[in-house]
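**Q** sharing a model that was predicted from the sequence below.
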Amino acid sequence: MKRIFLILTVIGLSLLCLSCERKLKQSTGPPLNLTSPPTPKNIIVEVGDKTVQLDWSVDSLNGIARFKIYRSDSAGVDPKLYDSTATATTSYADLGLKNGHEYFYQVSSVASDNLEGYKSVKVSAVPNLYSVVINNDNKYTNTRNVTISLTGASNTRHVILSEDSLFGDASWQTFSGSKSFTLSFGDGAKYVYAKFRDQDGNETINSYWDDILLDTQASIARVTENTGGLTKQAGEVIHFTVNASESEGTAKVDLGTVRDLGLFDDGTHGDLMINDGIYELDYVIPTDVEMQDAVVTGKFTDAAGNQAPSKTALGRVTIVKAPEPVNLFTPFAVTGSYSSITLNWSASSEADFASYRIYRSTSAGVNLNSGLIANMTAKSTTSFTDTALSETTWYHYRIFVFDANNLSSGSNEDSARTNPNAPPAAVVLAAPTKIDSTSLKLVWTQNSDSDFASYRIFRSTAANVDTLDVLVTIINQAGTTTFTDENLTTGQTYYYKVFVYDQKGLAAESNEVSGTP
């Protein structure tokens, strides 16, 4: 019985040894009879946007050629060889990862004779996109107390905030998407830095930051106007400035009872230089503004919302009111004319009326620099016909009323187009009357066109007279409607037409008649 037990024991030990041999072959460590390179320890994991940074230490770097990096995408799967360092550096950056996905790592040492040591403990990390935003990314704040919006991975547990990029004056605090933060004293650019730590203690590789301008006060250095004490009137320009020495704010002036005239610091509306902190305006005086020794008051609110104490200009402004404008009714082209437009307007009610002055242009925007076509001194005259114009052309008009002080106001602007130049109206030619054996008398109706130029009589010994036939005569008086054709051949039949020409060279032919002397 003992012999049988001994045999079974020997068999069992043999099987146990075989099992041990298989396990040794599958081991990730070196053979038992060799000294293995040291196992990496103290593995620090840092995360970033699509990035995991691994740092570790070993007891000694002597004899180590490189390190192998093992990685898996699941906790239930042993990490597989993924990459190795080129040298015995104790850090590795894994790039191009998927944010929000957990990765598992182990590191082993490789000696110069390619002997690999044991793998380190398994660590994991979740790369993610992190961000820090101050006050909804506003450029300015006028208070030191701000709100920090934070974005981190789902497993983020702590955050550290500081204006010091080394975080020497800060401590870790529980992570949340929004944090209150107090900026340091003193206006100017402020930077807030943050680092994040996940539930496993892994920190972000880099710190993240945002900046904001702290601005807690505003002031006005100077307010000016350029009238120099001279009286101004409608249509003239007054230049205002508010020197706040701070760009991107809002500047306004009050001119007497005219409130909140906006000034500019963008190179427009009379501003000379963009973003120089001097706000300017070329103010064109409207027709309904009138004031005496008005005060100019400047106001300014900076981009952070601070309101400066108001300041007044040294000078005063006087504006006299121009005459009330008249109403220009819609002009119209004169019927039967291609070169005339008639204007009508309402009468002026000014007691010190001096004249109506009519200005004209072929483009919109008629003003006192446009063409002056009439100056009428009778207040009761409210109509004018503009002549010698070009056909089918638009003309724009304004009527300016001038008073005895040479102040003026312009009417509304309106326009009309001249008629096209139509051919003249044809006349009717009566049958010739025989005067004698060599003469025929022609009579026709009168043409009444305003642009009449001439009658031209053409003759032929065959029907269908045209302007290539014999030109008998040219008559330049519209009222002359008869002509005697002499020195004709007795017994010969002659055919006639009268062509009416206008001043543009257009022509209309009469009916054709014939006669025999």
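**A** Perfect, I can see it now. Numbers count the residues shown, from 1 in each chain.
**Q** correct me, but residue 191 touches residue 161?
**A** No: using C-beta atoms under 8 Å, residue 191 is not in contact with residue 161; the gap is 11.2 Å. Every C-beta, even on glycine, is put in place using the N, C-alpha and C of the backbone.
**Q** and the two? Which one has more around it.
**A** The neighbour comparison of residue 191 against residue 161 (other C-beta atoms under 10 Å) goes to residue 161, with 21 against 15.
**Q** identify the residue spatially nearest to the more buried one, adjacent ones excluded.
**A** residue 194 (5.3 Å; C-beta to C-beta, 6 or more residues apart in numbering).
**Q** not counting its neighbours along the chain, what's nearest residue 342?
**A** Residue nearest to residue 342 in three dimensions, not counting chain neighbours: residue 385, with 4.7 Å by C-beta to C-beta, 6+ apart.
**Q** distance of that neighbour relative to residue 147?
**A** When distances are taken as C-beta to C-beta, to the nearest Å, residue 385 and residue 147 turn out to be 73 Å apart.
**Q** got it, and residue 195?
**A** 19 Å.
**Q** neighbour count winner among the two?
**A** residue 195 (22 against 13).
**Q** contacts only, for the more buried one.
**A** Neighbour list for residue 195: 159-160, 167, 203-204, 206-208 [criterion: C-beta atoms under 8 Å, 6 or more residues apart in numbering].
**Q** excluding its backbone neighbours, what's nearest residue 232?
**A** Excluding its sequence neighbours, the residue lying closest to residue 232 (C-beta to C-beta, 6+ apart) is residue 319, at 4.9 Å.
**Q** what helix or strand does the residue lying closest to residue 485 once chain neighbours are set aside sit in?
**A** Counting by C-beta to C-beta, 6+ apart, residue 440 is the residue found nearest to residue 485 once chain neighbours are left out, at 5.0 Å. For residue 440, the host element (DSSP states H and E) is strand 439-443.
**Q** sheet-wise, list the partners of the following helix or strand past that strand with their directions.
**A** Remark: after strand 439-443, the chain's next helix or strand is strand 452-460, criterion DSSP H and E. Strand 452-460 pairs in its sheet with strand 470-475 (antiparallel), strand 494-502 (antiparallel), by DSSP bridges.
**Q** what's the angle from the last one to strand 439-443?
**A** Between the direction of strand 494-502 and that of strand 439-443, the angle (axes from the mean of the first three to the mean of the last three C-alpha atoms, to 10 degrees) works out to 40 degrees.
**Q** next, count neighbours for residue 152.
**A** 24.
**Q** what's the spacing between the residue nearest to residue 328 when sequence neighbours are not counted and residue 344?
**A** Spatial nearest neighbour of residue 328, excluding adjacent residues (C-beta to C-beta, 6+ apart): residue 411 at 4.2 Å. Residue 411 sits 11 Å away from residue 344, taking C-beta to C-beta as the criterion.
**Q** overlap of the contact sets of those two?
**A** Residues within reach of residue 411 and of residue 344 at once, by C-beta under 8 Å, 6+ apart, are residue 328.
**Q** for those two, indicate the residue with more neighbours.
**A** Neighbours were counted for residue 411 and for residue 344 using other C-beta under 10 Å; residue 411 has more, 22 against 14.
**Q** pull out the buried positions in the strand or helix carrying the residue nearest to residue 232.
**A** Using DSSP H and E, the element containing residue 319 is strand 311-320. In terms of neighbour count (16 or more other C-beta atoms under 10 Å), strand 311-320 has its buried residues at 311, 313, 315-320.
**Q** same question, stretch 78-97
**A** Neighbour counts over stretch 78-97 (16+ other C-beta under 10 Å) mark 79, 84-85, 88, 90, 92, 94, 97 as buried.
**Q** can you give me the end-to-end distance of that stretch?
**A** Using C-alpha to C-alpha, to the nearest Å, the span of stretch 78-97 from its first residue to its last is 19 Å.
**Q** average pLDDT across it?
**A** In this model, stretch 78-97 carries a mean pLDDT of 94.
**Q** and stretch 351-360, by the same measure?
**A** The pLDDT scores in stretch 351-360 average 94.
**Q** just to be sure, the residue nearest to residue 161 is in a strand?
**A** Yes: assessed with DSSP: H, G, I helix; E, B strand; the rest coil, residue 194 lies in a strand.
**Q** thought it was touching residue 148?
**A** Yes: contact criterion C-beta under 8 Å: residue 194 and residue 148 qualify, at 7.5 Å.
**Q** residues near residue 462, how many?
**A** Residue 462: 10 neighbours (other C-beta under 10 Å).
**Q** which one is it nearest to, not counting chain neighbours?
**A** Nearest residue to residue 462, sequence neighbours excluded (C-beta to C-beta, 6+ apart): residue 495, at 6.6 Å.
**Q** and the one you found, what is it in contact with?
**A** Residue 495 is in contact with 459-465, 512-514, counting by C-beta under 8 Å, 6+ apart.
**Q** quick one: strands adjacent to the strand holding residue 319?
**A** Strands that pair with strand 311-320, judged by DSSP bridges, come out as strand 232-233 (parallel), strand 291-301 (antiparallel).
**Q** for the contacts of residue 495, which one is nearest residue 501?
**A** Nearest to residue 501 among those: residue 465, at 15.7 Å, using C-beta to C-beta.
**Q** element containing the closest one?
**A** Using DSSP H and E, no element contains residue 465; it sits outside every helix and strand.
**Q** any idea how far residue 393 is from the closest residue to it other than its chain neighbours?
**A** Excluding the flanking residues, the one nearest residue 465 by C-beta to C-beta, 6+ apart is residue 497, at 4.4 Å. The gap separating residue 497 from residue 393 is 33 Å, by C-beta to C-beta.
**Q** more neighbours, those two?
**A** It is residue 497, of residue 497 and residue 393, that has more neighbours when counted by other C-beta under 10 Å, with 23 against 13.
**Q** pLDDT of the helix or strand that contains residue 42, averaged?
**A** Using DSSP H and E, residue 42 maps to strand 41-48. Mean pLDDT, strand 41-48: 92.
**Q** chain center to it: distance?
**A** For strand 41-48, the separation from the chain centroid amounts to 49 Å (computed by C-alpha atoms, centre = their mean, to the nearest Å).
**Q** neighbouring strands - and their directions - for the next helix or strand after it?
**A** Following strand 41-48 in sequence order, the next helix or strand is strand 51-57 (DSSP H and E). Next to strand 51-57 in the sheet, as set by DSSP bridges, lie strand 41-48 (antiparallel), strand 91-94 (antiparallel).
**Q** among these, which is nearest residue 491?
**A** Set against residue 491 and scored by C-beta to C-beta, the strands paired with strand 51-57 come closest in strand 41-48, at 119.8 Å.
**Q** pull out the buried residues from the closest one.
**A** Within strand 41-48, the residues scored as buried using 16+ other C-beta under 10 Å are 43, 45-48.
**Q** can I get those in CSV including distance to residue 375?
**A** Formatted as CSV, the buried residues of strand 41-48 follow (distance: C-beta to C-beta, whole Å):
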residue, distance to residue 375
43, 97
45, 91
46, 87
47, 85
48, 81
